[in-house]
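Student: okay, here's the prediction I keep looking at, along with the sequence it came from:
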Amino acid sequence: MSGVGVQSEEQACEAFVAWLDRRVVAAGRGDGLTRLEVAPSGTFWLGRIACEDEVRKGAADERSERLDPCAIGIRLRPAEAPSWSMTVKVRARAWVKDPKDGPDPKRRWWRSDLVEEVVSVLVDAGGGSFGGKQLEDAFAAVGAPGLAAEVRVDVEEWHRETELVVQLVNTSPEKAPGLTDSHLYETQLEVSGLPTVPFQLEALPDSFRYDRDVPVYGINVGVEVLGPGMFRTSDSVDVQTYRPTYWNGAYDEPDLSFMTLASDPLPNLTALVDALAAYDDAHWTPAVLDARQAAEGWTVMMRAKADRSAADVFDELGRLRTGLELLRTRPDIRRSFQLMNNAIARSAQGRGYTTWRPFQVGFLLSAIRFLVEPDDEANYVDTVWFATGGGKTETYLGLLLTAAFFDRITGKTMGVTAWSRFPLRLLSLQQTQRFADALAGAELVRRDEGIGGSVFSLGFLVGRAGTPNKIVPKPENDEDVTPDSPGMPDKYRVLLHCPFCRDENLQMRFDRERWKLEHRCTSPTCPMKGQALPMYVVDQEVFRFLPTVVVGTLDKAASIGLQQAMRGLVGPPQKLCPVPWHGFTYAERSKTPNGCLVPNCQGGKVLKPLPMDLKRFGPSLRLQDELHLLRDSLGAVDSHYESLLDHLQHELCGTRAKIVASSATLTGYERQVDVLYQREGRVFPQPGPWAGESFWTTPTTKPLRRFVAVAPRGVTLEHVSDRTLDALQRCVRELKDDPAAVCAEAGVNPKHVDMLVSLYGTDVVYGTTLYDVEAAGRSLGSNNTVEGINVEQLTGQTDFDEVRAILERLEDPEDDFAERIHVVAASSMLSHGVDVNRLNTMVMLGLPLTTAEFIQTTARVGRKFPGLVYVLHKIGRERDAQTFRHFEQYVRQGDRFVDPIPITRRSRRVLDLTIAGVVGARTLMIREPASRQRLSTPAKLRDYARSSGMTPAAEAAAVATVLGLDGAEDSVHRAQIAEWVQAWFADLEDPTIKATFVSELGPRSPMMSLRDVEASAPIHD
């Protein structure tokens, strides 16, 4: 308890996490128990080894042997030739069962005293076994006669260098007189006195940034390095990571506070760029790299990679200098930047931060050129790559607001500035609030500064899964939403609080006169004064009002091939309805005879012209969050629709949007960007000269997350998950019910009890499949020893309003601990963009399928306070077994284990799905407005095609060009497109066709969602 009196919150959390881990490990090993009611072999999952006879009899292969091994060991490389001398210390216990008339009939199993024996080993190239009689006698002495073990040393000469495998093997008979359990428990092996040389991590290539040395490998265990030549097994592998600081202490940190940059940005931005230049010169010049190459023994390949990295670093510096010069010489850009900082300052009030991190400002400087050179900058996709939790979202919010102010200052008075898309529904819900807060700050600044144009507003475009596509007066089918539908309007609340005043008492209301679904703030002090918030959550309202920023899910882009009103997201709408609050109009249809999307509009046929240059309606930015999730079939389909969006905007406005992305990984991003967007990829910030250290970030000693790899033995993964969560919940309840005892044991100041109960009272159990998640939620209700564990699920099956309610409860928990959420059972839905500071403990049911998902998922805990992550390996799987073997390197060098994103735009199966959308979008967005008539029926389109000279060959060639399939290697794809278009034209010319709408022509209709891809669709180059 020394030092506890002046303990900080962070120190208390660190001590409590260490205590939690000790308690969970104790539950897995049986530490501290003296008697059991049930067999220990079905209870404990750590520290146990089965007998060799049993394993040999039951093990058909190495995989099943890993599930309940008969040995633990250490693999090492001796530094010298044989023979080898070492000291091996063995520790173990036994569990013995009393007869029925024993001293404690209800708890017949008892735990023996500790066997601790030092075995001297002298071995030559033939290997050998040691200490068998010594260990057998020791077990007999603690009341477990019949148990036996030996230290076995195998010498493997077939590697490039000799390797020794030192193991503790359970040689007990499977059954013997008086032997009630042939397992050994709480086993440990310690090797000392043998000089060794490290292994080189085979899984990774040489790199000038990383150390590939691995001192030794564990066999069925982790290994701790106690000192030179001293190694000890551990039942789990613990890896502690540390929080970064966002400045390199070798330089004076400039003032990058929002208000300073809003007032006079140039002096401090100049200081920032000068410091970066000094750092780059100190670490990346040829002379510096020459010295490192000589000192560290780089190969030619390593030096070549360092030279390429240096070139990228100096290119990055050049972009920052360009951005700084633009701020210095272009008053409109400087003012936009200043207004953005003022807006961010307002939106951040009360949140505990008032300044940018340097890398965030660096990115803004590097990217700001797109405002004045949009055509050239559109050739590049700028990807923000930074540690999760570092502030990527705020970074591109800064860029977005700068662009929005620049639009207003330079004459774009309305329309969409940015369309931001997220791969997952939960992500879009949480991120939407951040966008709303930032735009509210910008709107207040816009008003104060007297900047003209429409209100800065936000659109939420996710469609039927979360909010309505449209609201109709009378339902025509079960999916239609009317003002009187069940749950209306409250179920469609998207915002968690008012973005203008932070009041949580938002009211949903449907305004029948304006035909709008509104969020309204009820606070009398809110700047909105009871008016509807500038927030649109119905698809058709987004099209009617074209908010400044549209956020939504990735798959919604598919509507561009079906819905003419999507045109407002890539170019100008048709007209303005003369009725106030009806907004923009689009194509005339039977239900919208004048193109106005308000049902039964009485505005008549005489519409108002658009009050702005049509070319300014194209968005300046498309933002793609979590770029690494655009992979496989989803990425392939999206690549075609990205090309279609570019094509439509260029045809309608003569421009292309700048694309900005964020990603958890850099591996293969150049190819991914090329496939997705047909653009060149750039990443910011460039990685530093060493792993985890650059100009923008350096490590600290503050704990971030403690990762604990567990390879369960002899019991199911579900059992271990239940017991781990049970232990975690029991610990928090003990802290709550007996704080003095727990604080004394854990080394925590009692003043932190309430904080610790809040921060560690909600656990996440993460499953890689929906089955795992649902099973975890169910089993916790029946297999726990703690009463009243409240479990909630967050998966793709969770209703939208339920997701919102769960997030609200996590952010603002109930006062009574018994009523709170104690466990969140989650799928990949949770793994992106969920920022809840109260989530600090996680149990992972097996490794996620990709390393990128592992990185993103574990980043959901420990965002502000020290986190604890148990990774339960499905040790029978080869990948899990390999990862367990080098788990420390997997965590510390995680980005190097990320596989390149599998993606291609040349899948013929995907092409078959997307042609219809391209043809449909070209008809809706380009031909119909140009024709000044309705082309929604086959008969109308047939007449137009004949009069305009449309031909199958010309349309097929256009589709191939749109999709970038016009190269020499694409002849097969062009033939496929030509065949499809020919069939489409045949349907169009067939007077007997029964199709009612144009979308029904051709071999298939346009996709409803980008996710409408068969799981078995092959993706091949």
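Tutor: Here it is on my side, so go on. Residues are numbered from 1 along each chain as shown.

Student: how many neighbours does Gly552 have?
Tutor: For Gly552, the neighbour count with other Cβ atoms under 10 Å is 24. In this view, the C-beta of every residue, glycine as well, is placed from N, C-alpha and C.

Student: with adjacent residues omitted, what lies nearest to it?
Tutor: Closest residue to Gly552 apart from its sequence neighbours, by Cβ to Cβ, 6 or more residues apart in numbering: Leu461 at 3.3 Å.

Student: again with Val551
Tutor: With Cβ to Cβ, 6+ apart, the residue lying closest to Val551 is Ser420, at 4.7 Å.

Student: what kind of secondary structure is that neighbour in?
Tutor: Using DSSP: H, G, I helix; E, B strand; the rest coil, the structure places Ser420 in strand.

Student: contacts only, for the residue nearest to Gly552.
Tutor: Asp539, Val542, Val550, Val551, Gly552, Thr553, Lys556 (Cβ atoms under 8 Å, 6 or more residues apart in numbering).

Student: on that earlier part again, I figured the residue nearest to Val551 hits Leu623, correct?
Tutor: Yes. Counting by Cβ atoms under 8 Å, Leu623 is a contact partner of Ser420 at 3.8 Å.

Student: look up the residues that both of the two are in contact with.
Tutor: The contact sets of Ser420 and Leu623 overlap at Leu400 (Cβ under 8 Å, 6+ apart).

Student: need the contact partners of the helix or strand containing Arg243.
Tutor: Here Arg243 sits within strand 236-245, counting by DSSP states H and E. Applying Cβ under 8 Å, 6+ apart, the external contacts of strand 236-245 come out as 21, 25, 28, 46, 218, 222, 387, 390, 692, 697-710, 884, 887-888, 891-892.

Student: in strands, which of these fall?
Tutor: 218, 222, 698-710 (DSSP state E).

Student: which one among the residues you listed gets closest to Trp109?
Tutor: The closest of the ones in strands among the contacts of strand 236-245 to Trp109 turns out to be Val710 (Cβ to Cβ; 23.2 Å).

Student: the closest one reaches Val720, doesn't it?
Tutor: Yes. Using Cβ under 8 Å, Val710 is in contact with Val720, at 6.6 Å.

Student: shared neighbours of the two, which are they?
Tutor: With Cβ under 8 Å, 6+ apart as the test, Val710 and Val720 both reach Gly28, Trp45, Leu872.

Student: before we move on, the earlier item: just the CA coordinates of the strand holding Arg243, formatted as PDB?
Tutor: The C-alpha trace of strand 236-245 is given here as PDB (Å, rounded to 0.1, in the frame of the first residue of the first chain):
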ATOM      1  CA  SER A 236      -0.500 -17.100 -20.300                       C
ATOM      2  CA  VAL A 237       1.400 -14.600 -22.500                       C
ATOM      3  CA  ASP A 238       1.200 -11.100 -21.100                       C
ATOM      4  CA  VAL A 239       2.000  -8.100 -23.300                       C
ATOM      5  CA  GLN A 240       1.800  -4.600 -22.000                       C
ATOM      6  CA  THR A 241       1.400  -1.800 -24.500                       C
ATOM      7  CA  TYR A 242       1.900   1.900 -23.700                       C
ATOM      8  CA  ARG A 243       0.200   5.100 -24.600                       C
ATOM      9  CA  PRO A 244       1.900   7.300 -27.100                       C
ATOM     10  CA  THR A 245       2.500  11.000 -26.700                       C
END
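
Student: show me which residues of the helix or strand just after it are buried.
Tutor: Counting by DSSP H and E, the element after strand 236-245 in chain order, helix or strand, is helix 258-263. Buried residues in helix 258-263, defined by neighbour count with 16 or more other Cβ atoms under 10 Å: Phe258, Thr260, Leu261, Ala262.

Student: okay, these in JSON lines with distance to Pro99 and pLDDT next?
Tutor: Output for these, formatted as JSON lines (distance: Cβ to Cβ, whole Å; pLDDT from 0 to 100):
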{"residue": "Phe258", "distance to Pro99": "75", "pLDDT": "98"}
{"residue": "Thr260", "distance to Pro99": "80", "pLDDT": "98"}
{"residue": "Leu261", "distance to Pro99": "79", "pLDDT": "98"}
{"residue": "Ala262", "distance to Pro99": "81", "pLDDT": "98"}
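
Student: Tyr492: which of the residues you listed is nearest?
Tutor: Using Cβ to Cβ, Phe258 comes nearest to Tyr492 of these, at 32.9 Å.

Student: list the residues that contact the closest one.
Tutor: Contact analysis of Phe258 by Cβ under 8 Å, 6+ apart lists Asn341, Asn342, Ile344, Ala345, Ala348, Thr354, Thr355, Trp356.

Student: got it, and His650?
Tutor: Taking Cβ under 8 Å, 6+ apart as the contact definition, His650 lies against Arg656.

Student: for the protein, what helix or strand is lowest in average pLDDT?
Tutor: helix 62-67 (a mean of 72; mean pLDDT, DSSP states H and E).

Student: next SSE downstream of that helix?
Tutor: Counting by DSSP H and E, what follows helix 62-67 is strand 71-78.

Student: what's that following strand in contact with?
Tutor: For strand 71-78, with Cβ under 8 Å, 6+ apart as the criterion, the contacting residues are 49, 52, 84, 152, 161-170, 187-189, 191, 194-199, 215-221, 223, 231, 233.

Student: give me the buried subset of those residues.
Tutor: Neighbour counting by 16+ other Cβ under 10 Å classes 49, 52, 84, 152, 162-170, 187-189, 191, 194, 196, 199, 215-221, 223, 231, 233 among those as buried.

Student: please report how far the nearest residue to Cys743 once chain neighbours are set aside lies from Thr233.
Tutor: Closest residue to Cys743 apart from its sequence neighbours, by Cβ to Cβ, 6+ apart: Pro750 at 4.8 Å. Pro750 is 36 Å from Thr233, where distance means Cβ to Cβ, to the nearest Å.

Student: what's the single longest helix in the chain?
Tutor: Longest helix in the chain by number of residues (criterion: DSSP state H): helix 300-329.

Student: for that helix, what is the average pLDDT?
Tutor: The pLDDT scores in helix 300-329 average 97.

Student: next one: stretch 154-172
Tutor: Mean pLDDT, computed over stretch 154-172, is 94.
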